[in-house]
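In: All I have is the shape, not the residue letters:
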């Protein structure tokens, strides 16, 4: 299967997985987010496998899709990247889940760091736009408020940059860092 066909298959797969879901910050159809993550990865000239993993990055967390489903449908490499980007059991307390995610990303592959960076960059762009429209009421849409989100973002920056070769740092990392510092006054 060529890359365009595989990408189209991933679009359909992600759209079905996220059908009926909406974003916390602005209520937009959820599929926009993974599509934008894939777009950022494409703009950063990441591999096709990384772009597809970006499109699929939330399917395991937010639907009944499993890593094994992704492995069978898209192969081991894409499944491995998605697995590295998938948070632990959502029934766990927020702080514990986020700390596990930070620890996982700290030692993740470069490709997984690319997907997570694109994910966090798109989230922060959307949050920034929503904050402009809503002000502090934005924080009521999240499991934790401003201070906890600030902590998580600061720690995520540290985890993303940890162990990353200088030549692997794509412009999106610097944009995420800049936007995070501006948005959260880091």
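Out: Arrived safely. Computed from a predicted structure; not experimentally measured. Numbers count the residues shown, from 1 in each chain.

In: average model confidence for stretch 119-139?
Out: The average pLDDT within stretch 119-139 is 91.

In: which outside residues touch it?
Out: Stretch 119-139 is touched from outside by 23, 25-26, 33, 36-37, 40, 54, 57-58, 85, 145-146, 149, 153, 156, 160, 172, 175-176, 179-180, 183, with contacts defined as C-beta atoms under 8 Å, 6 or more residues apart in numbering. Where you see a C-beta, it was placed from the backbone N, CA and C, and this is true even at glycine.

In: Pull out the buried residues from stretch 144-162.
Out: 149, 150, 152, 153, 155, 156, 157, 159, 160 (16 or more other C-beta atoms under 10 Å).

In: Pull out the buried positions in stretch 87-98.
Out: Buried residues in stretch 87-98 (16+ other C-beta under 10 Å): 97, 98.

In: ok, back up a step: out of the buried residues of stretch 144-162, list just those in strands.
Out: With strands taken from DSSP state E, there is no overlap with these.

In: Mind putting the residues you listed into CSV with distance to residue 78 and pLDDT?
Out: Below are the buried residues of stretch 144-162 laid out as CSV (distance: C-beta to C-beta, whole Å; pLDDT from 0 to 100):
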residue, distance to residue 78, pLDDT
149, 29, 93
150, 32, 94
152, 26, 95
153, 27, 96
155, 27, 97
156, 22, 97
157, 26, 97
159, 22, 97
160, 20, 98
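
In: now those as a markdown table including distance to residue 137?
Out: Below are the buried residues of stretch 144-162 laid out as a markdown table (distance: C-beta to C-beta, whole Å):
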| residue | distance to residue 137 |
| --- | --- |
| 149 | 14 |
| 150 | 17 |
| 152 | 20 |
| 153 | 19 |
| 155 | 25 |
| 156 | 24 |
| 157 | 26 |
| 159 | 29 |
| 160 | 29 |
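
In: Which residue would you name as the spatial centre of this structure?
Out: residue 119 (2.7 Å; C-alpha atoms, centre = their mean).

In: quick one: low-confidence parts of this structure?
Out: For the chain, applying pLDDT under 70 flags the ranges 1, 25.
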